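Peer 1: one predicted model, sequence on top.
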Amino acid sequence: MIHPHTELKFISAEIGYGVFASQLIPAGTITWVKDPLDRELSKTDIENLAPICRPLVETYTYRNNKGNYVLCWDIARYTNHSFRPNSMATAYGFEIAVSDIKPGEQLTNDYGFLNIIEPFRPSDEGTRRKTVYPDDLLKYHKQWDNTLKKAFVRTPHVSQPLKQLLSNAQWETILKIERGECEPESIRNNYFDGQKNC
């Protein structure tokens, strides 16, 4: 489920739609949680879909570390890529704002988190990275882990409308990270190695 202070807006014919903040979403806020309404599809599930459904799966899903495709039921599926994302996936089944997201600002994440199958070249943002690759989690996880750690420290101190979707164990882990009692689990653990599972 996407953060409730968001809305869907049309951007352009080339990009389509995007998810935008309707109120300030401070850094450390949980912006999305995988909930029971999100659908997880195996490769077999997708093969059994009617052909008309398959392009939608390719467009609106991400792959988890088991290689299954996760289809978000709400507007979260319209979250666009950025090489400077303001929200990042964690290894705990939720995403977190890594910077303040101002009202009217688009929520973005890096598709390098999502176990894409083919390289993807988005619009040029003036960054050194120009292309998203299937193995970006292996290349950039240390950098992303450092960014996430700074956001986790803020998580217990900002409003969390999605907290009710977290388990007690997830929240206790966040508190331990904030207190310095443990390190966050690496985002690298989200990586799916398709070569090992062929």
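Peer 2: Looks like it arrived, so ask away.
Peer 1: for the one helix or strand Lys149 maps to, buried residues please.
Peer 2: Assigned by DSSP states H and E, Lys149 belongs to helix 136-154. Within helix 136-154, the residues that count as buried by 16 or more other CB atoms under 10 Å are Asp136, Leu137, Tyr140, His141, Trp144, Asp145, Thr147, Leu148, Ala151, Phe152, Val153, Arg154. In this view, the C-beta of every residue, glycine as well, is placed from N, C-alpha and C.
Peer 1: helices and strands around the lowest-mean-pLDDT helix or strand in the chain, which ones?
Peer 2: Within the chain, judged by mean pLDDT, DSSP states H and E, the helix or strand with the poorest mean is helix 54-60; its value is a mean of 90. Packed against helix 54-60 by the contact rule (3 or more CB pairs under 8 Å, 6 or more residues apart in numbering; DSSP states H and E) you find strand 69-71.
Peer 1: helices and strands around the helix or strand just after the strand it packs on, which ones?
Peer 2: Using DSSP H and E, the helix or strand that follows strand 69-71 towards the C-terminus is strand 80-81. Contact here means 3+ CB pairs under 8 Å, 6+ apart; on that basis strand 80-81 packs against strand 108-109.
Peer 1: now with 10 Å, please.
Peer 2: strand 16-21, strand 108-109 (3 or more CB pairs under 10 Å, 6 or more residues apart in numbering; DSSP states H and E).
Peer 1: count the neighbours of Asp110 for me.
Peer 2: 21 (other CB atoms under 10 Å).
Peer 1: who's in contact with it?
Peer 2: Listed by CB atoms under 10 Å, 6 or more residues apart in numbering, the contact set of Asp110 reads 81-85, 87-89, 122, 129, 132, 136-137, 140, 144.
Peer 1: who wins for neighbours among these?
Peer 2: Ser87 (26 neighbours).
Peer 1: so that residue makes contact with His3?
Peer 2: Yes: between Ser87 and His3 there is a contact under CB atoms under 10 Å: 8.9 Å.
Peer 1: need the pLDDT of Ala91.
Peer 2: Ala91 carries a pLDDT value of 97.
Peer 1: now the helices for the chain?
Peer 2: 43-47, 54-60, 136-154, 168-178 (DSSP state H).
Peer 1: for Glu14, find the nearest of those helices.
Peer 2: helix 54-60 (14.3 Å; CB to CB).
Peer 1: hmm, who's touching the closest one?
Peer 2: Residues contacting helix 54-60 (CB under 10 Å, 6+ apart): 16, 39, 41, 45-47, 49, 69-72, 76-78, 117-118.
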